[in-house]
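A.B. asks: Dropping a prediction and its sequence here:
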Amino acid sequence: MTQTKLVPTREDLIRRLVLINEVGWVRGPKPADKEVGDVLEGLLGLTTNSLQDPDWGIHEVKAQRRGRANPVSLLSKKPNYKGGLSAKEFVRQYGYYRHGQKALWIGLKPHKKDDKGWTLWVTDSRLEMDYQGNVVASQKLDTLKKAFKDKLQNLVYVIADSKKDCRG
C-alpha cells in the first residue's frame with residue numbers, strides 16, 4: 001500500500017496564518033529585516049531555502065515588517081554571465097569588499113547608473129546588466145516572465161508588526 005503525499009492547500013495556509021496571528025508577537029533570534037520571513041517560515045513549519053519552488057503547495061509566501069520601505073525579493077534568477085563566468089567568478093571580478101569579503105549587493109533601476117557604475121538596460125527581449133559601459137550579464141525577458149508566472153501567480157504577502165525589544 002502506497003501513501004499519498006498531501007498537498008498543502010490555500011485553506012490550510014489561511015488557517016495556519018490565522019493561528020499565528022492569534023499567537024501574537026513572536027521574538028526572532030536577531031533584529032534583521034530578512035528575519036521576519038525566516039520566523040514566519042519556521043512558524044509555518046517550512047525550512048528556509050532559496051529554491052525556485054513555491055513555499056506552501058502552489059503558494060509563494062513573502063513577509064515584510066510593517067512600514068519598511070525595503071524592497072521584497074520576489075524572484076532570483078541567475079543571469080547569463082559574459083564569458084561564461086560562474087556566479088563566484090562574477091562576484092570576484094565585479095564585487096567589492098563588504099565585511100572583509102567580496103560581495104555584490106546592487107539594486108538596479110532601469111536606465112539609471114548607480115554610484116558603483118551599474119546600469120540595467122531593458123531591450124525588447126532582454127535585461128542587460130551594464131558595468132561601466134560594458135554589458136557583463138543578461139537574462140531573456142521570456143525566461144523572467146515564465147519564472148514570475150510560475151512562482152508568483154499564487155503569492156501570499158504577509159505584513160508583520162514589530163516592536164522594539166530590550167534584550168538586557
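C.D. replies: Yep, it's here.
A.B. asks: what bits of this structure have low per-residue confidence?
C.D. replies: Residues of the chain that meet the criterion pLDDT under 70 lie in 1-6, 30-34, 50-51, 164-168.
A.B. asks: how about the residue nearest the centre of it, secondary structure?
C.D. replies: The structure's the chain has its C-alpha centroid closest to Ser73; by C-alpha atoms, centre = their mean the separation is 3.2 Å. Following DSSP: H, G, I helix; E, B strand; the rest coil, we place Ser73 in the coil state.
A.B. asks: Can you tell me what sits against the longest helix out of those in the chain?
C.D. replies: Once the chain is assigned using DSSP state H, the helix that runs over the most residues is helix 10-23. For helix 10-23, the surrounding residues in contact (C-beta atoms under 8 Å, 6 or more residues apart in numbering) are Val26, Leu40, Leu43, Leu44, Trp56, Gly57, His59, Val61, Asn154, Val156, Val158. Just so you know, the C-beta spots here come from the backbone N, C-alpha and C atoms, and that holds for glycine as well.
A.B. asks: gap between the fourth one and Lys102?
C.D. replies: Shown here: Leu44 relative to Lys102, a distance of 34 Å by C-beta to C-beta, to the nearest Å.
A.B. asks: Show the residue spans covered by the strands in this structure.
C.D. replies: In chain order, the chain shows strands spanning 60-65, 80-81, 96-98, 101-103, 118-122, 126-131, 134-140, 155-160, with DSSP state E as the criterion.
A.B. asks: got the contact list for the fourth one?
C.D. replies: Put plainly, it is strand 101-103. Contacts of strand 101-103 from elsewhere in the structure, counted by C-beta under 8 Å, 6+ apart, are Val91, Arg92, Gly95, Tyr96, Tyr97.
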